Each structure stands twice: as structure tokens, then as C-alpha cells.
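> model the following, please.
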Amino acid sequence: MPKDPAPTTSLAKKTDEDAYDAHEDHPYDDHDGYDDYDADEYEESGPRPVVEHTVEDDRFGALTVRLDSERGEVTVTGERVPRVELWRAEGTEGEDHIPVGTRDGARLTLTVDGEEAVIDPAKGRLTRRSYRVDVRYAERSWRLVPDSIPGSRLVRAGAYLGDFSSDGDGKVLVEWREDAEPEALDAALGYTLAAAFGTGAQPLWMTAIEMVGDLLPG
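Alright, predicted model coming up:
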């Protein structure tokens, strides 16, 4: 099955049917309280529900992406971009494989500098296109859609702007197309959607092979 999301360190651009020890003494070695450390307790606590990352975008400078997976909130800010916020409705049970917790647009609110926008995530089934997320704001439209296993492309009104990558931990990478002219709002929305839903998906043929394999005995 396509997954939400895929780990990556690079942004592959592939066409979809739609259209990225040295052992030294350490000062803590002799700490008297070290024996009190409970490794099992640490592992069971899991990842922090709130993470914040700052990225230096090639075109828009420093942006901060804040993800609260427990409450289902994503906030993107920067001196050169509008503030974009996305959050899950209170009382909505979050799904672990989706950073923001749900793909139900009726349970999500998206705002740009406090003004509400329309967000419409597809359900996420077998095809890459089924993992698209559409946004409408100020009579304009955007789409983030997987175009490779690790990455998704951002499109504004049919114009291919760049490739985004995020594996669900709030870290977002972007590679803008050289011939594109992205605007500040494009960047803010792209980072928000990538952090909220993750990026990338397996192609249909790979998903089909995995499904057949699951059905075979042994």
C-alpha cells in the first residue's frame, strides 16, 4: 500500500499519471545519577508529540515548521511568508500514519494569516493520485500530489512549482524548479501540506505486487 509518508534525503523527479568512533572520556561518564537512567522507560515514551524545525529555503529564507501530532496541528511561519496554520477538529481520533491525524477535510481547518481556506485531501487508496491534497484560497488553487516514492510535487493552477519531501517528523525539504516562479504563499502552503500529510507513495504496480505477495502462503 502507498504509505504516509516515505523517508528521503533526496527528491526524485519522476512523472506520474497526474502531471521529490572515537572512544573518548565524556564528562557524563562519572555522573552519579547515570545508573538511575531507565532505557526501557525512554523507549516506551516514543517520539515527542511536538517538534519544531527551521529550514533555510533557497528562495524565501528561514521558515519554521511546527508539528503537534498529538493535537493535530501544523504551523508554518517566516519573515518572508504568510503564517499558515492547519489543525484537526477537537475530539477527532488521530490516525498514527498521518502526521496531522486525518485526511477528512471536514475535520480540518486551514488558515492563511487568519483567513480560512478550503482544504480537500483525497482519501489515500491505491494510486498516487489518491494521496493528493487540494487547497483553494482567494480564487486560486493548489495541489500537492505524490510523483515518486519519497516525494510530492506542488502545483498551482497547473503550474509545476517544485518537489517536497517529508517523512512525517515535521522536517520538510523542497527543491524548487529552476523555471518556476513560486510565491511566498506557495511556499507556506507547500511546507504546511508536506508536514501535515507526508509525501510520496508507491506506484500502483508495486502496491499490486505487495498485495499478491501477502496472499501467497508461506
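
> quick one: the strands in the protein, in order.
In the chain, the strands defined using DSSP state E lie at 50-57, 61-68, 73-78, 81-88, 108-112, 115-121, 133-137, 140-146, 151-156, 159-165, 173-176.

> now those strands in a markdown table, with mean pLDDT, mean neighbour count and distance to residue 97?
In this view, the C-beta of every residue, glycine as well, is placed from N, C-alpha and C. Listed next are these as a markdown table, based on pLDDT from 0 to 100; neighbours: other C-beta atoms under 10 Å; distance: least, C-beta to C-beta, whole Å:
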| stretch | mean pLDDT | mean neighbour count | distance to residue 97 |
| --- | --- | --- | --- |
| strand 50-57 | 97 | 14 | 17 |
| strand 61-68 | 98 | 19 | 14 |
| strand 73-78 | 98 | 21 | 16 |
| strand 81-88 | 98 | 20 | 14 |
| strand 108-112 | 98 | 19 | 16 |
| strand 115-121 | 98 | 16 | 13 |
| strand 133-137 | 98 | 19 | 15 |
| strand 140-146 | 97 | 21 | 14 |
| strand 151-156 | 97 | 26 | 16 |
| strand 159-165 | 97 | 22 | 17 |
| strand 173-176 | 98 | 21 | 20 |
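
> could you export the ones you listed to CSV, including columns for distance to residue 101?
Listed next are these as CSV, based on distance: least, C-beta to C-beta, whole Å:
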stretch, distance to residue 101
strand 50-57, 14
strand 61-68, 10
strand 73-78, 9
strand 81-88, 5
strand 108-112, 9
strand 115-121, 11
strand 133-137, 14
strand 140-146, 17
strand 151-156, 19
strand 159-165, 19
strand 173-176, 22
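
> report the longest helix in this protein, please.
Longest helix in the chain, counting residues (DSSP state H): helix 184-197.

> now that helix: average pLDDT?
For helix 184-197, the mean pLDDT works out to 98.

> give me the buried positions along it.
185-197 (16 or more other C-beta atoms under 10 Å).

> what is the nearest of those residues to residue 161?
residue 186 (5.6 Å; C-beta to C-beta).

> coming back round to it: return the longest helix of the chain as CSV; C-alpha atoms alone will do.
Output of helix 184-197 as CSV, limited to C-alpha atoms (Å, rounded to 0.1, in the frame of the first residue of the first chain):
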residue,chain,number,x,y,z
ALA,A,184,5.6,33.3,-0.7
LEU,A,185,2.1,31.8,-0.3
ASP,A,186,3.1,28.8,-2.5
ALA,A,187,6.0,28.1,-0.1
ALA,A,188,4.0,28.4,3.1
LEU,A,189,1.2,26.1,1.8
GLY,A,190,3.7,23.6,0.4
TYR,A,191,5.6,23.3,3.7
THR,A,192,2.3,23.0,5.6
LEU,A,193,0.8,20.3,3.5
ALA,A,194,4.0,18.3,3.3
ALA,A,195,4.4,18.4,7.1
ALA,A,196,0.8,17.6,7.7
PHE,A,197,0.3,14.6,5.4
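
> tell me the angle it makes with strand 151-156.
Computed by axes from the mean of the first three to the mean of the last three C-alpha atoms, to 10 degrees, the angle separating helix 184-197 from strand 151-156 equals 140 degrees.
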